[in-house]
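Novice: sequence and computational prediction follow.
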Amino acid sequence: MALVEQLKGGLDAPICLTWELTYACNLACIHCLSSSGRRDPGELSTDECLAVIDELARMQVFYVNIGGGEPTIRPDFFQIVDHAVASGVGVKFSTNGSRIDAAVAKRIAGSDYIDVQISLDGADAATNDAVRGDGSYNTAITAMEHLYDAGFGAFKISVVMTRHNVSQLDAFEALAARYGAELRLTRLRPSGRGADTWDQLHLSQGDQRALYAWLVKRPHVLTGDSFFHLSALGESLPGLNLCGAGRIVCLIDPVGSVYACPFVLHDEFKAGNVREQGGFAHIWHSSDLFTSLREPASPGACASCGSYDSCQGGCMAAKFFTGLPLDGPDPECVWGNADDELARIASAAMVKPSPGPGHSKPVSISLGRRSPVTH
Amino acid sequence: MGGRVRTVALHLHSAYRLHASVALRPEPFGALAYHYGNRKLVFLKSPMMVEVVRTLGDHPSIEAALTAAGVPAAAYEKYVEALASLERSDMLEVA
């Protein structure tokens, strides 16, 4: 059996596990896929977090992608990271950079097991701050300078592609080069607050073709495998080119709920909670949801399209939150095969699945020397 | 990448072992190998390949490891190619 077919059937443990440590965030990005802002009172305790790490170590999960919210806001952030490293579980964490001062940069630069990803959604302050909030560009750049000065090496600059920053690809590449960083580009999803801003931010067909042409020439640019729907345009982009949800990917949210991927924080895609009997391993191996996601998928309305083998029908989350059937084309299908259905959904004013209220309520968090930020 | 000139040519008679920073995780198709230093992830696509890689350091040469794992001589060339590719990703180191 081909490797990709094996992967579709699921692995003994995830390759790419995202763990959102908190819903608390000092920013309120307009596309936040977890609708973060305020801490949830039910978030996992320190002991529960350490127990999750122990379980991941037993399953031989090589590394965990820690995010949020802003994960460094948790007072026990480094206790959790240190426990992971000591247990042989590597950590890559995503941050807006507000807590990466010189001391923190030096601390994390000392370990091979810790990697960091700075979020930046514009190559200049105006473009970035329109999405991520006033001052967030300068915060991210300051963090990059600290990492560079500390000799961290190749940290990641992580960019969500929008129609406003897609013309800045070369500038992002130059920025990464300046700090010895690697560039990582990911796809905007209509998840969380992204559901409300999708129409104003997502790429046009022309943008998608330009991005594909740029990526094909730069196999070293990281994409988290998130643009596999663009492989319909020609040769496949580097990566596995498949939807990994519940197969090689999953997400643990701050209250311990396990979802099929980071982009589907919705009850439809909730497989269980790490607090339940059997914990994470039982959910990964035996939950009904993950078991069904590992069964062969039907191409549905895409069966007659010659590109299905390349794009696999695209992203489940993007379809779900735009109200499209899961066994049909992606809303950003490069051949426009979802356009009629999207128009029908819009004209009928059909109710799309709601990501729920999330945690987007006003928050005021004091970060070190910085003034409290209020939204 | 990096522009480093490699002077080591991996061949049947050289001795290698799994790099100290690499972990192997068994999977139904073979195993995943992950390098904590350069963060590369590699798929080992057959149980026999996994056995060779896992036991490489126990043998004085690649040939001895292949023989012990039961690899047929006709497949040695393919295995050496696969091991050379792993060595280029720093998954193996000279023993």
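Specialist: Everything's here; your move.

Novice: other SSEs contacting the top helix by length along chain B?
Specialist: The helix that spans the most residues within chain B, counting by DSSP state H, is helix B:76-88. Under the contact criterion of 3 or more Cβ pairs under 8 Å, 6 or more residues apart in numbering or on different chains; DSSP states H and E, helix B:76-88 touches helix B:47-55, helix B:62-69. Every residue, glycine included, has its C-beta placed from N, CA and C.

Novice: contact partners of it?
Specialist: Residues lying outside helix B:76-88 but in contact with it, judged by Cβ atoms under 8 Å, 6 or more residues apart in numbering or on different chains, are B:6, B:8, B:10-12, B:16, B:33, B:42, B:49, B:52-53, B:56, B:62-63, B:66, B:71, B:92.

Novice: for stretch A:135-142, same thing?
Specialist: Counting contacts by Cβ under 8 Å, 6+ apart, the residues outside stretch A:135-142 that touch it are A:27, A:96-98, A:100, A:118-120, A:122, A:124-125, A:128-129.

Novice: before we move on, what about stretch A:66-86?
Specialist: The contact list for stretch A:66-86 (Cβ under 8 Å, 6+ apart) reads A:18-27, A:34, A:36, A:39, A:46, A:49-50, A:53, A:56, A:64, A:90-96, A:98-100, A:104, A:107, A:111, A:113-114, A:254, A:262, A:359, A:365, A:367.

Novice: try stretch A:332-347
Specialist: Contacts with stretch A:332-347, where a contact means Cβ under 8 Å, 6+ apart, come from A:202-203, A:205, A:208-209, A:229-230, A:232-233, A:301-302, A:305, A:307, A:311, A:314, A:318-319, A:322-325, A:328-331, A:352.

Novice: sort out which of the residues you listed are buried, if you could.
Specialist: The neighbour count (16 or more other Cβ atoms under 10 Å in any protein chain shown) marks A:202-203, A:208, A:229-230, A:232-233, A:301-302, A:305, A:307, A:311, A:314, A:318-319, A:322-324, A:328-331 as buried among these.

Novice: go through those residues and flag which are in helices.
Specialist: Judged by DSSP H, the buried ones among the contacts of stretch A:332-347 include A:208, A:311, A:318-319 as members of helices.

Novice: in the residues you listed, find the pair that's most separated.
Specialist: With distances taken as Cβ to Cβ, the most widely separated pair in those is A:Gln208 and A:Lys319, at 16.2 Å.

Novice: picking that back up, any idea which of the ones in helices among the buried ones among the contacts of stretch A:332-347 is the one closest to A:Trp198?
Specialist: A:Ala318 (8.8 Å).

Novice: quick one on the thing from earlier: dump the longest helix of chain B to CSV, restricted to CA.
Specialist: The C-alpha coordinates for helix B:76-88 follow below in CSV (Å, rounded to 0.1, in the frame of the first residue of the first chain):
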residue,chain,number,x,y,z
TYR,B,76,21.9,-4.2,-1.1
GLU,B,77,22.3,-1.4,-3.6
LYS,B,78,18.9,0.0,-2.9
TYR,B,79,19.4,-0.1,0.8
VAL,B,80,22.8,1.7,0.5
GLU,B,81,21.1,4.4,-1.5
ALA,B,82,18.4,4.7,1.1
LEU,B,83,20.9,4.9,3.9
ALA,B,84,23.0,7.5,2.0
SER,B,85,19.8,9.6,1.8
LEU,B,86,19.3,9.3,5.5
GLU,B,87,23.0,10.2,6.1
ARG,B,88,22.5,13.4,4.0
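
Novice: helices or strands up against the helix or strand following that helix?
Specialist: Sequence order places strand B:92-94 as the next helix or strand after helix B:76-88, per DSSP states H and E. When contacts are defined as 3+ Cβ pairs under 8 Å, 6+ apart, strand B:92-94 packs onto strand B:16-18.

Novice: my guess is A:Gly358 contacts A:Ser36. True?
Specialist: Yes: taking Cβ atoms under 8 Å as the definition, A:Gly358 is a contact partner of A:Ser36 at 7.3 Å.

Novice: what residues are shared contacts of those two?
Specialist: Between them, A:Gly358 and A:Ser36 share these contacting residues under Cβ under 8 Å, 6+ apart: A:23, A:192.

Novice: higher neighbour count, those two?
Specialist: The neighbour comparison of A:Gly358 against A:Ser36 (other Cβ atoms under 10 Å in any protein chain shown) goes to A:Ser36, with 28 against 20.

Novice: would you map the helices across the stretch 151-300 of chain A?
Specialist: Using DSSP state H, counting those that start in this stretch, the helices found in the stretch 151-300 of chain A span residues A:169-178, A:194-201, A:205-216, A:279-286, A:288-293.

Novice: any idea which of those is most buried?
Specialist: Per residue and on average, the most neighbours among those fall to helix A:279-286, with a mean of 19 (mean count of other Cβ atoms under 10 Å in any protein chain shown).

Novice: outside of it, which residues touch it?
Specialist: Counting contacts by Cβ under 8 Å, 6+ apart, the residues outside helix A:279-286 that touch it are A:12-14, A:51-52, A:55-56, A:58-59, A:250, A:252, A:258, A:271-274, A:276, A:278, A:290.

Novice: want to throw the helices of the stretch 151-300 of chain A into a markdown table with mean pLDDT?
Specialist: Output for those, formatted as a markdown table (pLDDT from 0 to 100):
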| stretch | mean pLDDT |
| --- | --- |
| helix A:169-178 | 98 |
| helix A:194-201 | 96 |
| helix A:205-216 | 98 |
| helix A:279-286 | 97 |
| helix A:288-293 | 96 |
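
Novice: can you list the residues of chain B near chain A?
Specialist: Where chain B comes near chain A, counting by Cβ under 8 Å from any Cβ of the partner chain, the residues are B:1, B:21, B:23, B:25-29, B:32, B:34, B:36-37, B:39, B:41, B:43, B:45.

Novice: max pairwise distance over those: which two?
Specialist: Among these, B:Met1 and B:Pro28 lie farthest apart (Cβ to Cβ), at 31.8 Å.

Novice: compare those two (neighbour count), which wins?
Specialist: Under the criterion of other Cβ under 10 Å, the comparison of B:Met1 against B:Pro28 puts B:Pro28 first, with 13 against 5.

Novice: what sits against the nearest residue to the more buried one once chain neighbours are set aside?
Specialist: Excluding its sequence neighbours, the residue lying closest to B:Pro28 (Cβ to Cβ, 6 or more residues apart in numbering or on different chains) is A:Gln6, at 6.4 Å. Contacts of A:Gln6 were listed using Cβ under 8 Å, 6+ apart, and they are B:27-29.

Novice: and what of A:Met144?
Specialist: A:97, A:118, A:155, A:157, A:179, A:181.

Novice: and these, which are buried?
Specialist: Buried residues within the contacts of A:Met144, defined by neighbour count using 16+ other Cβ under 10 Å: A:97, A:118, A:155, A:157, A:179, A:181.

Novice: so what's A:Pro325 up against?
Specialist: With contacts defined as Cβ under 8 Å, 6+ apart, A:Pro325 is in contact with A:300-301, A:319, A:341.

Novice: please repeat the previous calculation with a cut-off of 7 Å.
Specialist: Contacts were defined as Cβ atoms under 7 Å, 6 or more residues apart in numbering or on different chains; by that measure A:Pro325 touches A:300, A:319.
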